[in-house]
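*Asks:* I'd like to go over a predicted model; first the sequence, then the structure.
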Amino acid sequence: FARTGEGSRGVSAFTVPNEIEGLSFGPPLSKMGLSAVPTTSAYWDCAPLDRSLRLGDEGPGLPIALGALDSGRMGIAAVATGLAQA
């Protein structure tokens with residue numbers, strides 16, 4: 001996701017190959033759960049972000065991100081229940 005305009009319609013979604021020059025990743029974070037899914041920081045050092053990598057139109061990235069959060073809540077609840085039982 002990247003800001004491409006102003007306000008809530010100013011965020012666009014992108015799919016980015018990890019081979020882009022200037023893009024690097026930090027070490028995996030230590031987590032209590034979801035250990036099979038690595039979480040890292042992405043560092044952009046003048047890495048190009050071309051329009052051809054954009055998913056869909058410019059601007060609807062925020063609803064896409066919020067939709068992903070909505071659909072993930074049941075999975076997170078299941079993980080939290082398993083952690084509590086363990």
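*Replies:* Ah, there it is. Residues are numbered from 1 along each chain as shown.
*Asks:* Now do the most centrally placed residue in the chain against P60, distance only.
*Replies:* What sits nearest the mean C-alpha location of the chain, by CA atoms, centre = their mean, is F1, with 6.9 Å. Using CB to CB, to the nearest Å, F1 is found at 11 Å from P60. Quick note: C-beta positions are derived from backbone N, CA and C, even for glycine.
*Asks:* Report the set of residues contacting both of the two.
*Replies:* In the contact map built from CB atoms under 8 Å, 6 or more residues apart in numbering, the residues linked to both F1 and P60 are 12-13.
*Asks:* still on that earlier bit, next up, the contacts around the residue nearest to the centre of the chain.
*Replies:* By CB under 8 Å, 6+ apart, the contact set of F1 is 11-14, 61, 64-65.
*Asks:* and of those, the nearest to G22?
*Replies:* Taking CB to CB as the measure, F14 is the one of these closest to G22, at 14.4 Å.
*Asks:* So that closest one sits against L49, correct?
*Replies:* Yes - under the criterion of CB atoms under 8 Å, F14 makes contact with L49 at 6.2 Å.
*Asks:* list the residues that contact both of the two?
*Replies:* Shared contacts of F14 and L49, counting by CB under 8 Å, 6+ apart, come down to A2.
*Asks:* all helices of the protein, in order?
*Replies:* With DSSP state H as the definition, the chain shows helices at residue ranges 61-85.
*Asks:* low pLDDT regions in it?
*Replies:* Flagging of the chain using pLDDT under 70 yields an empty set of residue ranges.
*Asks:* for the protein, what spans make up the strands?
*Replies:* For the chain, the strands identified by DSSP state E occupy 2-3, 11-12, 23-25, 42-44, in order along the chain.
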